[in-house]
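Student: what shape does this take:
(chains A and B)
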Amino acid sequence: MITLEKVTKKFPKQIDTAIKTVSLKIPDHDFAVLLGPSGSGKSTILHLLAGLTKPTSGKIHINNKIISQLTDQEASLLRNQTIGFIFQEFHLIPHLTVRQNIELPSQISHSKTSQTHIDSLIKEVGLTNKQHDLPSALSGGQKQRVAIARALVNNPSIILADEPTGNLDQATAKTIIQLLKSLHEKHRSTLIIATHDEEIAKIAKHKIFIRDGQITKD
Amino acid sequence: MKINPLSKSRTISVSLIIAVTSLSFFLNIKTGIETATFQQLQQNTSHTEIRVLPDIQNTGTLSFLTAKVNKFSPETITQISQLNNVESVYPETQLDGFASVQGSVFGINLITDAMIYGVPYEFVSQDISTPETWSTTEQPYPAIIPRKILDLYNLGVSAPRNLPIISEEILIGKELTLFPNHSTLFNTSTDSDEPIRLKVVGFSDKVSLLGITLPSHILQKINPTPDLPILQLLVNVDQENQVTAVAQNIEDLGFETQYLQKSLESLESKLNYIYWVIAIITSVIILLSASVITSRFTNQALKEQKSIAILRSLGATKKLIRKIILKNALAIGTISTTIGIIIATILSYSLNKIISQNLSTTSLKVDSLLQIDLINTILVLLFGILLTILSAYIPAFKASNNDPLQDLK
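Tutor: A predicted model of the protein is given here:
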């Protein structure tokens, strides 16, 4: 269970508050979509959930842990083991191959992820023939597939996707969303997607509307 | 782990190689010079001898040329002989007047002005194995040539002009003609006394550098006056550990002394000046290299900040980021330092070869002026690695503390 209790986030040197006393509950295995226009605060909520930034006030609970109180080591462990993050800009390491990029989270945690598991993930995202290529040789859709496989490699219970289709054409975006949905169903992870695309929202079970840092409808 | 955000670092490697090569080279040359000079001095100098000279401060620097200032007298010799632990005192005398020497080498006739000195056999016993050679009273009289004159001739005249090298073997047994009361430089004494035949019987590091040394009794015979000016005294001490004390007593009598321990100290202080100069140059190179390495690591970390931010977003702790960067620095440091040491070793080896080839015609026995020492090599290796890690530490610390969200934008 993910719980946000009156969470506020204000960035230094910014006049507006990014998140204003947001309270929210997302049950386990949920497929939730944070829907709102650009600058509404959806990405900030995902960053707060991933422990990449700390709330100015309020509490965030993930699996009964208050993540805003975690040390760097604990927050890093949470990001590595419990959360898989998918970025709009893919954020792959350019000098590593597809396979090496996918293996990164397991290498960071020194966990003995089997090569069979990596193989099956690469197969699931349809990149078996591209696994030894560098990201520069891939299309946008393929890069996002790598990012998805990388997010899943440590079998996290929560997948956070920040505008995962923002840099893709419509057809590719559709396949990526279908892939995310099927993987969510297969791996039974909690999937939270931040998007402004209402088409994606249509296939989600749980829609959270956000505007100007506040939840307008849940 | 294949995570390597600071993989490309040619500038760092080159800077480190330069720093390590300079340091290694400096240490090699320091060890080599020390060994070469000290060994040379210790091998060629008796450990129980003291050379006593007139005090130059009192007699003037050119007194040895005029030979008129005779600081030593038979009373002085007696006085020094009676000092504790003094075994024997041998004077080096000088011909009172001009002289020139003529000789022929490789068919070329040479004539030059020269100082003529006289010493007893004990003075040059290390250089002549047979005392009877020195005690002869028949012409040709035995003569000793200063070894350094031969070295100077071979290095300064023969080598640059491609003239044949003159070895000790070539000159031994060679006959020379001595013209007393004759000078090739001054017209005042063009009429020579009866020429005297000499024969080269040896070479010495002990005899005066400015001329030819004959047995004392021969010099006494050819000197125009009965009183021979004494140039220096050779004092033998019965125990090595008493040399400094005896020298002090002689100095208290108003003379200057030269002995092994003093020469080593003087040499050490002179070498220290050279070391300081080289050490300052080396330090400047190392400091420049360290600043280049630090700035390159900072630039690299900035260039790779997105990769670092990706790693942070995937769960890498700040500690892990620092570890990755420092591990990378360790690899660069080890490889570059090793390359630097190899370059310095090759350079030292090549220079040693050149130096030893050039010195082969001289009496200087220097096997390796640049000595490659195992402990120095290990110290340089550790230094190079430490320098890289220290230079990388602040950039690594900064990189690990960056906000990943800012860097991912």
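
Student: contacts and neighbour counts: CA atoms only from here.
Tutor: Fine.

Student: quick test: name the residue nearest the centre of chain A.
Tutor: Chain A has A:L160 as the residue nearest its centroid, 2.0 Å off, counting by Cα atoms, centre = their mean.

Student: name the nearest residue to residue 27, sequence neighbours excluded.
Tutor: I went with chain A, as the question did not name one. A:M1 (4.6 Å; Cα to Cα, 6 or more residues apart in numbering or on different chains).

Student: let me rephrase: I mean chain B.
Tutor: B:N376 (6.8 Å).

Student: pull the number of nearby residues for the one you found.
Tutor: Each residue near B:N376 was counted by other Cα atoms under 10 Å in any protein chain shown, and the total is 16.

Student: check the gap between B:R161 and chain A for me.
Tutor: Counting by Cα to the nearest Cα, to the nearest Å, the gap from B:R161 to chain A is 62 Å.

Student: which SSE is immediately downstream of the lowest-mean-pLDDT helix or strand in chain B?
Tutor: Lowest on mean pLDDT, DSSP states H and E among the helices and strands of chain B sits helix B:63-66, with a mean of 49. Sequence order places helix B:74-81 as the next helix or strand after helix B:63-66, per DSSP states H and E.

Student: got the buried residues for that next one?
Tutor: For helix B:74-81, burial by neighbour count (16 or more other Cα atoms under 10 Å in any protein chain shown) applies to B:77, B:80-81.

Student: what helix or strand is the residue of the stretch 51-200 of chain B found nearest chain A located in?
Tutor: Proximity of the stretch 51-200 of chain B to chain A (Cα to the nearest Cα) peaks at B:P160, 58.8 Å away. Per DSSP H and E, B:P160 falls inside helix B:159-161.

Student: contacting residues around that helix?
Tutor: Residues outside helix B:159-161 that contact it (Cα atoms under 8 Å, 6 or more residues apart in numbering or on different chains): B:I165.

Student: strands along chain A, start to end?
Tutor: Here chain A has its strands, by DSSP state E, at A:2-9, A:19-26, A:31-35, A:57-62, A:65-66, A:83-86, A:158-162, A:190-195, A:206-211, A:214-217.

Student: and the contacts of the second one?
Tutor: What that stands for is strand A:19-26. Strand A:19-26 is contacted by residues A:1-10, A:32, A:41, A:44-45, A:58, A:212-215 when judged by Cα under 8 Å, 6+ apart.

Student: can I get the buried residues of helix B:74-81 in TSV with pLDDT?
Tutor: Listed next are the buried residues of helix B:74-81 as TSV, based on pLDDT from 0 to 100:
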residue	pLDDT
B:I77	86
B:I80	92
B:S81	91
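
Student: contact partners for B:L214?
Tutor: Going by Cα under 8 Å, 6+ apart, the list of residues near B:L214 reads B:116-119, B:141-144.

Student: what's in contact with stretch B:234-243?
Tutor: By Cα under 8 Å, 6+ apart, the residues outside stretch B:234-243 that reach it are B:47-52, B:85-92, B:123, B:246, B:259.

Student: give me the low-pLDDT residue ranges for the chain?
Tutor: The chain I'm using is chain A. Applying pLDDT under 70 to chain A flags no residue at all.

Student: let me rephrase: I mean chain B.
Tutor: Scanning chain B for pLDDT under 70 picks out B:1-8, B:56-70, B:187-192, B:359-368.

Student: what's the domain layout of it?
Tutor: B:10-43+B:266-408, B:48-257 (automatic domain parsing).

Student: quick one: buried residues of the lengthiest helix in chain A?
Tutor: In chain A, taking DSSP state H as the definition, the longest helix is helix A:170-187. By neighbour count on 16+ other Cα under 10 Å, the buried set for helix A:170-187 is A:172-173, A:176-177, A:179-181, A:183-184.

Student: so what does that helix touch, helix or strand wise?
Tutor: If you count contacts as 3 or more Cα pairs under 8 Å, 6 or more residues apart in numbering or on different chains; DSSP states H and E, helix A:170-187 packs onto helix A:140-152.

Student: need the CA coordinates for the helix it packs on. PDB is fine.
Tutor: Presented in PDB, the C-alpha positions along helix A:140-152 are these (Å, rounded to 0.1, in the frame of the first residue of the first chain):
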ATOM      1  CA  GLY A 140      12.600   5.500 -29.300                       C
ATOM      2  CA  GLY A 141      10.200   2.600 -28.700                       C
ATOM      3  CA  GLN A 142      13.000   0.200 -28.400                       C
ATOM      4  CA  LYS A 143      14.800   2.400 -25.900                       C
ATOM      5  CA  GLN A 144      11.700   2.600 -23.800                       C
ATOM      6  CA  ARG A 145      11.400  -1.200 -23.900                       C
ATOM      7  CA  VAL A 146      15.000  -1.400 -22.500                       C
ATOM      8  CA  ALA A 147      13.900   1.100 -19.700                       C
ATOM      9  CA  ILE A 148      10.900  -1.100 -18.900                       C
ATOM     10  CA  ALA A 149      13.000  -4.300 -18.800                       C
ATOM     11  CA  ARG A 150      15.500  -2.500 -16.600                       C
ATOM     12  CA  ALA A 151      12.700  -1.300 -14.200                       C
ATOM     13  CA  LEU A 152      11.600  -4.900 -13.900                       C
END
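
Student: what angle separates that helix from helix A:170-187?
Tutor: 20 degrees (axes from the mean of the first three to the mean of the last three Cα atoms, to 10 degrees).

Student: please compute how far helix A:140-152 lies from its chain's middle.
Tutor: Helix A:140-152 sits 11 Å away from the centroid of its parent chain (Cα atoms, centre = their mean, to the nearest Å).

Student: contact residues of chain A facing chain B?
Tutor: Residues of chain A lying near chain B by Cα under 8 Å from any Cα of the partner chain: A:52-53, A:72-73, A:75-81, A:84-85, A:91-93, A:96, A:100, A:104-105, A:107-109.

Student: buried subset of those?
Tutor: Buried among the residues of chain A next to chain B by 16+ other Cα under 10 Å: A:52-53, A:72, A:75-81, A:84-85, A:91-93, A:96, A:100, A:104-105, A:107-109.

Student: from those, which ones fall inside helices?
Tutor: Using DSSP H, those in helices are A:72, A:75-81, A:100, A:104-105, A:107-108.

Student: give the contact list for B:E251.
Tutor: B:T257.

Student: what does the one 4 residues further on give?
Tutor: Under the criterion of Cα under 8 Å, 6+ apart, the contact list for B:F255 reads B:52-55.

Student: and A:G140, by the same measure?
Tutor: Counting by Cα under 8 Å, 6+ apart, A:G140 has contacts A:167-168.

Student: separation between it and A:T175?
Tutor: 12 Å (Cα to Cα, to the nearest Å).

Student: now B:I335
Tutor: 48 Å.

Student: and the lengthiest helix in chain B, what other elements does it pack with?
Tutor: Of all the elements of type helix in chain B, the one with the most residues (DSSP H) is helix B:260-303. Using 3+ Cα pairs under 8 Å, 6+ apart, the elements in contact with helix B:260-303 are helix B:10-44, helix B:374-401.

Student: give me the neighbour count for the residue lying closest to A:D119 once chain neighbours are set aside.
Tutor: Leaving aside its sequence neighbours, A:D119 sits nearest to A:T128 (Cα to Cα, 6+ apart; 7.6 Å). By other Cα under 10 Å, the residues close to A:T128 number 15.
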